[in-house]
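> here is a sequence together with a model predicted from it:
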Amino acid sequence: MIPIIFPPSNFKVRFNEKTSNDEIFDLIRKKWLVLTPEEWVRQNFVNYLVTSLNYPASLIALEKGIKVGELNKRFDIVVYNNQAQPVLLIECKAPDVVLNQNTVQQILSYKSVLNASYLIITNGHYTYGFYTDSQMVEQITEIPVF
């Protein structure tokens, strides 16, 4: 397991009276989003990447569509290097979702398309990471700093 302590944040949160939903402003996508439990994990994890691990926000993409075989899927977080190659692939789940083999299979299917070296799964309470290359998958105990 990778120990993660989310740093303090100054998220903008509001209540949308039209939809009766709490919303959070996403600094990467520059828009208001419904504040679901999974979105809370995603926003805190992005804040952790930028604040604690020094990843530039400009190298982070959130919830983009990809084609996995015949299926249209959406990844949660991808961090690119300066050459625009995926380096970190992160799958976020709501805090009450157990991280299991299905979560690992999901991120591995995304890796088959994006080919990131580091795979991270998190529900905000628990975070697991893996380093992969063409020959092996190895569990890691920390996420590399930018």
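Yep, it's here.
> give me the element the residue nearest to Val79 when sequence neighbours are not counted is part of.
Spatial nearest neighbour of Val79, chain neighbours left out: Leu88 (3.9 Å); criterion: Cβ to Cβ, 6 or more residues apart in numbering. Every residue, glycine included, has its C-beta placed from N, CA and C. If you go by DSSP states H and E, Leu88 is part of strand 86-92.
> could you count how many residues lie near Gly124?
20 (other Cβ atoms under 10 Å).
> residues touching the residue nearest to Val79, list them.
Contact analysis of Leu88 by Cβ atoms under 8 Å, 6 or more residues apart in numbering lists 49, 55, 77-79, 116-118, 120, 143.
> from those, which land in strands?
Among the contacts of Leu88, the members found in strands (DSSP state E) are 77-79, 118, 120.
> any idea which of those residues is closest to Asn102?
Ile120 (15.8 Å; Cβ to Cβ).
> re the thing from before, could you check the pLDDT of the residue nearest to Val79?
Looking at Leu88, its pLDDT is 97.
> and what of Met136?
For Met136, the predicted pLDDT is 87.
> quick one: it and Ser117, what's the gap?
From Met136 across to Ser117, the span is 11 Å (Cβ to Cβ, to the nearest Å).
> dihedrals phi and psi, Lys73?
The phi/psi pair for Lys73 (degrees, to the nearest 10) reads phi -130, psi 170.
> I'd like the contacts of Leu88 as JSON lines, with distance to Cys92, pLDDT and neighbour count appended.
Putting these into JSON lines (distance: Cβ to Cβ, whole Å; pLDDT from 0 to 100; neighbours: other Cβ atoms under 10 Å) gives the following:
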{"residue": "Leu49", "distance to Cys92": "12", "pLDDT": "97", "neighbour count": "23"}
{"residue": "Tyr55", "distance to Cys92": "15", "pLDDT": "97", "neighbour count": "21"}
{"residue": "Ile77", "distance to Cys92": "7", "pLDDT": "98", "neighbour count": "21"}
{"residue": "Val78", "distance to Cys92": "12", "pLDDT": "98", "neighbour count": "20"}
{"residue": "Val79", "distance to Cys92": "13", "pLDDT": "98", "neighbour count": "24"}
{"residue": "Ala116", "distance to Cys92": "15", "pLDDT": "95", "neighbour count": "22"}
{"residue": "Ser117", "distance to Cys92": "19", "pLDDT": "95", "neighbour count": "16"}
{"residue": "Tyr118", "distance to Cys92": "15", "pLDDT": "97", "neighbour count": "18"}
{"residue": "Ile120", "distance to Cys92": "9", "pLDDT": "98", "neighbour count": "24"}
{"residue": "Ile143", "distance to Cys92": "14", "pLDDT": "96", "neighbour count": "21"}
